[in-house]
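Peer 1: Sequence and predicted structure below; questions after.
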Amino acid sequence: MDVLKDLFNQIKADPENIRFTNRNIDPLYYAAPTAKLLIIGQAPGEIAQNTKIIWNDRSGVRLREWMGVSDDTFYHSGKIAVLPMDFYFPGKGKSSDLPPRKGFAAKWHDPIIRAMPDIELTLLVGSYAQKYYLKTHSKMTLTEIVKDYRRYLPDYFPLVHPSPRNTIWIKRNPWFEDSVLPDLKKLINRILS
(Lines give C-alpha, C1' and ligand atoms only; values in the text may rest on other atoms or scores of the structure.)
Protein backbone atom coordinates (compact mmCIF):
# COMPACT_ATOMS: atom_id res chain seq x y z
CA MET A 1 0.00 0.00 0.00
CA ASP A 2 1.12 3.57 -0.67
CA VAL A 3 3.04 4.89 2.37
CA LEU A 4 1.19 8.23 2.48
CA LYS A 5 -2.23 6.57 2.14
CA ASP A 6 -1.31 4.11 4.89
CA LEU A 7 -0.25 6.98 7.17
CA PHE A 8 -3.51 8.82 6.44
CA ASN A 9 -5.47 5.75 7.54
CA GLN A 10 -3.31 5.35 10.66
CA ILE A 11 -3.99 8.97 11.62
CA LYS A 12 -7.74 8.46 11.21
CA ALA A 13 -7.62 5.26 13.30
CA ASP A 14 -5.50 6.75 16.08
CA PRO A 15 -7.53 6.68 19.34
CA GLU A 16 -6.59 10.34 19.93
CA ASN A 17 -8.35 11.26 16.68
CA ILE A 18 -11.30 8.87 16.81
CA ARG A 19 -13.71 11.59 17.96
CA PHE A 20 -13.07 13.36 14.64
CA THR A 21 -13.19 10.17 12.58
CA ASN A 22 -16.51 9.21 14.18
CA ARG A 23 -17.91 12.57 12.98
CA ASN A 24 -16.60 11.91 9.44
CA ILE A 25 -13.87 14.55 9.81
CA ASP A 26 -10.70 13.50 8.02
CA PRO A 27 -7.23 14.77 8.93
CA LEU A 28 -6.59 17.86 6.83
CA TYR A 29 -3.15 18.13 5.26
CA TYR A 30 -1.56 17.77 1.81
CA ALA A 31 1.36 15.45 1.18
CA ALA A 32 2.76 14.20 -2.11
CA PRO A 33 5.93 12.28 -2.91
CA THR A 34 6.66 14.93 -5.59
CA ALA A 35 6.50 17.90 -3.17
CA LYS A 36 9.43 20.32 -3.20
CA LEU A 37 8.04 22.92 -0.77
CA LEU A 38 6.54 22.19 2.64
CA ILE A 39 4.36 24.60 4.62
CA ILE A 40 3.98 23.96 8.34
CA GLY A 41 1.39 26.09 10.10
CA GLN A 42 -0.78 25.96 13.19
CA ALA A 43 -3.90 23.86 12.53
CA PRO A 44 -6.75 24.02 10.05
CA GLY A 45 -9.28 26.73 10.74
CA GLU A 46 -12.98 26.04 10.99
CA ILE A 47 -13.64 27.08 7.37
CA ALA A 48 -10.84 24.81 6.12
CA GLN A 49 -12.14 21.86 8.10
CA ASN A 50 -15.73 22.41 6.97
CA THR A 51 -14.77 22.74 3.30
CA LYS A 52 -11.98 20.12 3.51
CA ILE A 53 -9.63 22.56 1.76
CA ILE A 54 -6.58 23.66 3.72
CA TRP A 55 -5.73 27.40 3.86
CA ASN A 56 -9.20 28.08 2.43
CA ASP A 57 -9.75 31.47 4.05
CA ARG A 58 -8.41 35.04 4.05
CA SER A 59 -5.17 33.83 5.66
CA GLY A 60 -4.69 31.41 2.79
CA VAL A 61 -5.30 34.09 0.18
CA ARG A 62 -2.64 36.26 1.82
CA LEU A 63 -0.20 33.35 2.16
CA ARG A 64 -0.48 32.55 -1.57
CA GLU A 65 0.10 36.25 -2.36
CA TRP A 66 3.20 36.26 -0.15
CA MET A 67 4.46 33.12 -1.89
CA GLY A 68 3.67 34.45 -5.36
CA VAL A 69 1.75 31.31 -6.37
CA SER A 70 -1.66 30.79 -7.92
CA ASP A 71 -4.42 28.76 -6.32
CA ASP A 72 -3.87 26.14 -9.02
CA THR A 73 -0.15 25.81 -8.21
CA PHE A 74 -0.85 25.77 -4.48
CA TYR A 75 -3.53 23.08 -4.60
CA HIS A 76 -2.89 21.04 -7.74
CA SER A 77 0.79 21.12 -8.75
CA GLY A 78 1.91 18.29 -6.46
CA LYS A 79 4.91 20.47 -5.60
CA ILE A 80 3.53 22.00 -2.38
CA ALA A 81 2.80 20.02 0.78
CA VAL A 82 1.04 21.34 3.88
CA LEU A 83 1.43 19.83 7.35
CA PRO A 84 -0.23 21.76 10.15
CA MET A 85 0.97 21.16 13.70
CA ASP A 86 -2.40 19.40 14.16
CA PHE A 87 -4.50 18.08 11.28
CA TYR A 88 -7.82 18.92 12.95
CA PHE A 89 -9.52 22.20 13.90
CA PRO A 90 -8.83 22.55 17.64
CA GLY A 91 -11.88 24.71 18.44
CA LYS A 92 -12.45 28.35 19.30
CA GLY A 93 -10.81 30.16 22.18
CA LYS A 94 -11.73 33.56 23.63
CA SER A 95 -10.07 35.65 20.92
CA SER A 96 -8.78 33.11 18.38
CA ASP A 97 -8.60 29.41 17.60
CA LEU A 98 -7.26 27.12 20.31
CA PRO A 99 -3.64 25.95 19.92
CA PRO A 100 -2.81 22.68 18.19
CA ARG A 101 -2.69 19.63 20.43
CA LYS A 102 0.66 18.95 22.05
CA GLY A 103 2.47 15.88 20.76
CA PHE A 104 0.55 15.66 17.50
CA ALA A 105 3.35 16.89 15.23
CA ALA A 106 5.91 14.76 17.09
CA LYS A 107 3.84 11.68 16.36
CA TRP A 108 2.94 12.25 12.70
CA HIS A 109 5.21 14.74 10.95
CA ASP A 110 8.42 12.67 10.68
CA PRO A 111 6.94 9.66 8.87
CA ILE A 112 5.05 11.90 6.45
CA ILE A 113 8.09 14.08 5.75
CA ARG A 114 10.22 10.97 5.13
CA ALA A 115 7.73 9.99 2.40
CA MET A 116 8.45 13.31 0.63
CA PRO A 117 12.20 13.05 -0.13
CA ASP A 118 12.39 16.04 -2.51
CA ILE A 119 11.47 18.81 -0.03
CA GLU A 120 13.91 21.69 -0.56
CA LEU A 121 12.43 24.32 1.77
CA THR A 122 10.01 24.37 4.69
CA LEU A 123 7.99 27.50 5.49
CA LEU A 124 7.32 27.76 9.22
CA VAL A 125 4.17 29.84 9.50
CA GLY A 126 3.60 31.21 12.99
CA SER A 127 5.09 30.66 16.40
CA TYR A 128 3.91 27.07 17.03
CA ALA A 129 5.76 25.73 13.99
CA GLN A 130 8.80 27.89 14.66
CA LYS A 131 9.17 26.87 18.30
CA TYR A 132 8.84 23.19 17.41
CA TYR A 133 11.17 23.10 14.41
CA LEU A 134 13.70 25.80 15.22
CA LYS A 135 13.96 24.96 18.92
CA THR A 136 14.28 28.69 19.51
CA HIS A 137 15.15 30.22 22.85
CA SER A 138 11.94 30.92 24.76
CA LYS A 139 12.74 34.64 25.01
CA MET A 140 13.07 35.07 21.25
CA THR A 141 10.08 36.85 19.79
CA LEU A 142 8.38 35.94 16.55
CA THR A 143 9.50 39.32 15.19
CA GLU A 144 13.16 38.53 15.96
CA ILE A 145 12.90 35.10 14.35
CA VAL A 146 11.21 36.36 11.17
CA LYS A 147 13.59 39.32 10.88
CA ASP A 148 16.55 36.93 11.14
CA TYR A 149 15.06 34.49 8.59
CA ARG A 150 18.35 34.09 6.66
CA ARG A 151 19.83 32.38 9.71
CA TYR A 152 17.48 29.42 9.21
CA LEU A 153 18.04 28.96 5.48
CA PRO A 154 18.42 26.81 3.44
CA ASP A 155 16.12 24.43 5.33
CA TYR A 156 13.57 26.73 6.96
CA PHE A 157 11.94 30.07 6.21
CA PRO A 158 10.02 31.47 9.22
CA LEU A 159 7.00 33.70 8.59
CA VAL A 160 4.45 35.54 10.65
CA HIS A 161 0.98 34.02 10.31
CA PRO A 162 -0.87 35.65 7.38
CA SER A 163 -4.03 36.12 9.44
CA PRO A 164 -5.83 39.46 9.07
CA ARG A 165 -5.24 39.78 12.83
CA ASN A 166 -1.57 40.40 12.00
CA THR A 167 -2.19 43.39 9.71
CA ILE A 168 -1.05 45.75 12.49
CA TRP A 169 2.16 43.73 12.96
CA ILE A 170 2.84 43.95 9.21
CA LYS A 171 2.31 47.73 9.24
CA ARG A 172 4.64 48.14 12.23
CA ASN A 173 7.35 46.06 10.54
CA PRO A 174 7.70 47.41 6.99
CA TRP A 175 10.95 45.45 6.52
CA PHE A 176 8.79 42.33 6.24
CA GLU A 177 7.13 43.40 2.98
CA ASP A 178 10.20 45.30 1.75
CA SER A 179 12.85 42.58 2.12
CA VAL A 180 11.48 39.29 3.50
CA LEU A 181 8.63 38.74 1.03
CA PRO A 182 10.68 39.48 -2.13
CA ASP A 183 13.30 36.95 -0.96
CA LEU A 184 10.56 34.42 -0.20
CA LYS A 185 9.04 34.80 -3.68
CA LYS A 186 12.43 34.41 -5.38
CA LEU A 187 13.21 31.24 -3.44
CA ILE A 188 9.80 29.72 -4.10
CA ASN A 189 9.92 30.59 -7.78
CA ARG A 190 13.34 28.90 -8.08
CA ILE A 191 12.18 25.79 -6.23
CA LEU A 192 8.92 25.39 -8.15
CA SER A 193 10.37 26.16 -11.59
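Peer 2: On my side now, so go ahead. Numbering: from 1, shown residues only.
Peer 1: For the helix or strand bottoming out on mean pLDDT in the chain, buried residues please.
Peer 2: Least confident helix or strand of the chain, by mean pLDDT, DSSP states H and E, is helix 46-51 with a mean of 93. Under the neighbour-count criterion of 16 or more other C-beta atoms under 10 Å, helix 46-51 has 48-49 buried. Just so you know, the C-beta spots here come from the backbone N, C-alpha and C atoms, and that holds for glycine as well.
Peer 1: One more: stretch 136-155?
Peer 2: Under the neighbour-count criterion of 16+ other C-beta under 10 Å, stretch 136-155 has 136, 142, 145-147, 149, 152 buried.
Peer 1: what do you get for stretch 166-176?
Peer 2: By neighbour count on 16+ other C-beta under 10 Å, the buried set for stretch 166-176 is 166, 173, 176.
Peer 1: circling back to that earlier point, min pLDDT across the buried residues of stretch 136-155, which one?
Peer 2: For the buried residues of stretch 136-155, the model is least confident at Thr136; its pLDDT is 80.
Peer 1: wait, what's in contact with it?
Peer 2: Contacts for Thr136 (C-beta atoms under 8 Å, 6 or more residues apart in numbering) come out as 130, 145.
Peer 1: quick check, it in a helix?
Peer 2: No - per DSSP: H, G, I helix; E, B strand; the rest coil, Thr136 lies outside any helix segment and is coil.
Peer 1: Unless I misread the structure, Ile188 falls within a strand.
Peer 2: No - counting by three-state DSSP, Ile188 is not found in a strand; it is helix.
Peer 1: out of the buried residues of stretch 166-176, who's nearest Leu121?
Peer 2: Phe176 (18.0 Å; C-beta to C-beta).
Peer 1: That closest one belongs to a strand?
Peer 2: No - counting by three-state DSSP, Phe176 is not found in a strand; it is helix.
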